[in-house]
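A.B. asks: take a look and give me a structure for this.
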Amino acid sequence: MCPKLIEHKKPIDIAPMKKERKEYCKAWTLIELMLVIAIVAILAGIAIPTYTNYIDKSRNSQAIADIGEMALEIMKFWAEHGDFPNTLAQVGLANRLDPWENPYQYLKIQGVPKNQIKGKWRKDRFLVPINYDYDLYSMGKDGKSKPPLTAKHSWDDIVRANGGAYIGLASEY
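C.D. replies: Okay, here's the model as predicted:
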């Protein structure tokens, strides 16, 4: 609250009183408040996409690590049995979920008649299968996927390709 003005009996010079009042009543103007709000909004506009990008990258990294670990389990199974498992359940990975809470996808290719897996193989931009032993992938952030990696739903998938030589984003393969 501002102090009350002192009443004088003679005519008052208003100029010194304005100065005196300004010294006692410091407050934020509407323009200053709007500037502060605008600055906070700009900083939030920069921070939120950066944070979202960080979360996406960490989930992608987690899916890549999971697929690498699962591929090792599948190779152990192959070494013991001489064949790849028909499902992830055979290697104890049936309930494994990716960072987006979707189940990892597995398709045995080697030793399966081509007519049973035709249309299910993951394919690169030249429509050539990316694996000849088995496909193992996460459907990514959107939870959707199509066999060719060029399909829009497959761009965010985390795939194992070239017999395990590449594990990463389908859009970067």
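A.B. asks: could you pull up the residues touching Gly88?
C.D. replies: Small correction: residue 88 is Leu, not Gly. Neighbour list for Leu88: 70, 94, 96, 104, 106 [criterion: CB atoms under 8 Å, 6 or more residues apart in numbering]. The way it works is simple: take the backbone N, C-alpha and C, and place the C-beta from them, glycine included.
A.B. asks: and the last one, helix, strand or coil?
C.D. replies: Per DSSP: H, G, I helix; E, B strand; the rest coil, the local secondary structure of Tyr106 is strand.
A.B. asks: ok, it - contacts?
C.D. replies: Listed by CB under 8 Å, 6+ apart, the contact partners of Tyr106 are 85, 87-88, 134-136.
A.B. asks: Three-state assignment for the residue nearest in space to the middle of the chain, please.
C.D. replies: Centre of the chain computed as the mean C-alpha position; nearest residue by CA atoms, centre = their mean is Asp56, 1.8 Å away. Secondary structure assignment for Asp56 (three-state DSSP): helix.
A.B. asks: return the distance of it relative to Gly140.
C.D. replies: 10 Å (CB to CB, to the nearest Å).
A.B. asks: just Asp156 next, same as before
C.D. replies: Using CB to CB, Asp156 is found at 3 Å from Gly140.
A.B. asks: the more surrounded of the two?
C.D. replies: Per other CB atoms under 10 Å, whichever of Asp156 and Gly140 has more neighbours is Gly140, with 26 against 20.
A.B. asks: strands of the chain, start to end?
C.D. replies: Residue ranges of the strands in the chain, as given by DSSP state E, are 105-108, 134-138, 158-161, 166-169.
A.B. asks: can you check which of the ones you listed gets nearest to His81?
C.D. replies: For those, the distance to His81 is smallest for strand 105-108, at 12.2 Å, taking CB to CB.
A.B. asks: re earlier: close enough to count as contact, the residue nearest to the centre of the chain and Lys141?
C.D. replies: Yes: between Asp56 and Lys141 there is a contact under CB atoms under 8 Å: 6.7 Å.
A.B. asks: what's the closest of the strands of the chain to Ala79?
C.D. replies: So among the strands of the chain, strand 134-138 is nearest, using CB to CB, at 14.2 Å.
A.B. asks: ok, that closest one: who's next to it in the sheet?
C.D. replies: Within its sheet, and counting by DSSP bridges, strand 134-138 is paired with strand 105-108 (antiparallel), strand 158-161 (antiparallel).
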